[in-house]
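Peer 1: sequence unknown, structure follows:
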């Protein structure tokens with residue numbers, strides 16, 4: 001595929017996601033599939049939930065088309081990932097409508113992850129050869145499932161999921177091009193970033209629609225695979241840096257809840273970005289701050305890709321630490337005081 005064709009492909013994904021999200025907004029509102037405020041919410045009025053159906057459909061179709069034209073090894077990996085994302089989207093849509101137990105959700109996630117790792121077992125080490133092969137696969141599965149869930153946990157204010165998805169997708173693209181991996185890995189990252197931007201138009205403050213689990217769970221699955229694929233190709237530094245804010249926020253927050261024996265799976269508003277909103281900052285300002293930090297993380301991931309490993313990792317630690325401290329600077333007590341609503 002030529003660069004002009006690739007550009008047209010990405011633009012088509014952007015337009016399809018934009019139009020599909022608008023259609024989903026109408027359909028979800030018509031059927032009253034709504035996200036009602038709860039303990040985790042930062043909104044006070046019900047909003048349509050489930051626009052992730054459109055976003056995931058666009059990504060699966062785009063990746064599937066790229067996969068069918070790829071060499072056999074890449075084709076197997078991409079199509080298996082697409083199948084796993086489809087299965088998780090279906091499971092998560094049922095969860096959005098009726099609710100599914102934590103155990104069944106985790107079972108579905110581990111099944112999808114195991115299917116992809118089994119289909120791509122010869123891909124190489126995911127952790128730079130530090131672990132024996134069997135432990136390497138097990139660690140990859142655990143980290144991947146954790147990333148799926150933390151991505152879902154972090155989707156709590158207007159714009160944040162779209163910003164993070166676009167940032168990771170674009171960061172993967174930059175790292176793949178710098179490393180000379182060719183157009184295919186770059187296009188996978190760009191198409192998921194484009195789909196996120198098409199959705200973000202409708203999800204920016206004031207959000208008109210939310211992803212729902214049908215969007216956030218399979219998106220976490222797809223992004224997790226992109227990052228693991230980078231690591232398996234030798235770019236473990238970039239793979240670690242790009243999602244580092246999400247990992248830090250979710251892991252620290254849930255670790256603190258676990259230490260005080262609060263249920264880690266229960267809805268809450270204790271993440272650092274949620275504290276910032278609770279302190280009075282607009283959703284757009286918080287999401288914009290995270291975007292700025294992500295731009296710096298992309299630059300550092302690129303620095304690590306060209307061999308500056310230690311400076312890149314230290315820089316990422318500084319960026320993430322500064323971001324967390326900034327978001328927590330106006331913190332309120334952990335008793336979940338009412339959050340300022342997103343504008344209706």
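Peer 2: In hand now; what should we look at? Here the structure is a predicted model, which means the values were calculated and not measured.

Peer 1: Can you identify the element that follows the helix or strand bottoming out on mean pLDDT in the chain toward the C-terminus?
Peer 2: When the helices and strands of the chain are scored by mean pLDDT, DSSP states H and E, strand 34-35 comes last with a mean of 62. Counting by DSSP states H and E, the next helix or strand C-terminal to strand 34-35 is strand 47-48.

Peer 1: just checking, next helix/strand downstream of that next one?
Peer 2: helix 52-68.

Peer 1: Touching, residue 127 and residue 139? I think so.
Peer 2: Yes - with contact defined as Cβ atoms under 8 Å, residue 127 counts as touching residue 139 (6.1 Å). Backbone N, C-alpha and C define where each C-beta goes, glycine included.

Peer 1: Could you check which of the two is surrounded by more residues?
Peer 2: Neighbours were counted for residue 127 and for residue 139 using other Cβ atoms under 10 Å; residue 127 has more, 17 against 14.

Peer 1: Distance of the closest residue in space to the more buried one that isn't next to it in sequence relative to residue 108?
Peer 2: Of all residues not flanking residue 127 in the chain, residue 136 sits nearest, at 5.5 Å (Cβ to Cβ, 6 or more residues apart in numbering). Using Cβ to Cβ, to the nearest Å, one obtains 23 Å as the distance from residue 136 to residue 108.

Peer 1: Centre-most residue in this protein?
Peer 2: Centrality entry for the chain: nearest residue to the mean C-alpha point is residue 220, 4.2 Å, by Cα atoms, centre = their mean.

Peer 1: residues in contact with that one?
Peer 2: Residues near residue 220 by Cβ atoms under 8 Å, 6 or more residues apart in numbering: 147, 148, 149, 150, 151, 152.

Peer 1: quick one: it and residue 302, what's the gap?
Peer 2: 23 Å.

Peer 1: Which other helices and strands does the helix or strand that residue 87 is a member of contact?
Peer 2: If you go by DSSP H and E, residue 87 is part of helix 72-97. With contacts defined as 3 or more Cβ pairs under 8 Å, 6 or more residues apart in numbering; DSSP states H and E, helix 72-97 has these neighbours: helix 52-68, helix 102-119, helix 213-232.

Peer 1: May I see the buried residues of it?
Peer 2: Using 16 or more other Cβ atoms under 10 Å as the test for burial, helix 72-97 gives 74, 77-89, 91-93, 95-96.

Peer 1: shaky segments in the stretch 1-150 of the chain?
Peer 2: 1, 32, 34-46 (pLDDT under 70).

Peer 1: now swap in the stretch 151-300 of the chain and tell me
Peer 2: Using pLDDT under 70, the stretch 151-300 of the chain drops low at 263-265, 267.

Peer 1: mind listing what the nearest residue to residue 76 once chain neighbours are set aside touches?
Peer 2: Distances taken as Cβ to Cβ, 6+ apart put residue 119 closest to residue 76, at 5.6 Å, once the chain neighbours are dropped. Going by Cβ under 8 Å, 6+ apart, residue 119 touches 76, 77, 80.

Peer 1: that older thread, just curious, which of the contacts of residue 220 is nearest to residue 320?
Peer 2: Checking those against residue 320 with Cβ to Cβ, the nearest one is residue 150 at 13.9 Å.

Peer 1: Please, which helix or strand holds the closest one?
Peer 2: Residue 150 belongs to helix 133-153, assigned by DSSP H and E.

Peer 1: tilt between the helix or strand following that helix and helix 52-68?
Peer 2: Next along the chain after helix 133-153, taking DSSP H and E as the criterion, comes helix 160-178. The directions of helix 160-178 and helix 52-68 differ by 10 degrees, with axes from the mean of the first three to the mean of the last three Cα atoms, to 10 degrees as the criterion.

Peer 1: From the chain's centroid, how far away is helix 160-178?
Peer 2: 10 Å (Cα atoms, centre = their mean, to the nearest Å).

Peer 1: That one packs against which elements?
Peer 2: Using 3+ Cβ pairs under 8 Å, 6+ apart, helix 160-178 sits against helix 183-203, helix 213-232, helix 236-241, helix 283-305.

Peer 1: Which of these has the highest mean neighbour count?
Peer 2: Most buried of the helices and strands packed on helix 160-178 by mean neighbour count (mean count of other Cβ atoms under 10 Å) is helix 213-232; its value is a mean of 27.

Peer 1: Not counting its neighbours along the chain, what's nearest residue 196?
Peer 2: Per Cβ to Cβ, 6+ apart, closest to residue 196 is residue 165, 3.7 Å.

Peer 1: What of residue 219?
Peer 2: residue 165 is the one closest to residue 219 (Cβ to Cβ, 6+ apart), at 5.8 Å.

Peer 1: From the structure, what's the count of residues near that neighbour?
Peer 2: 28.

Peer 1: which residues touch it?
Peer 2: Taking Cβ under 8 Å, 6+ apart, one finds 192, 193, 195, 196, 219, 223 in contact with residue 165.

Peer 1: Many thanks, we can stop here.
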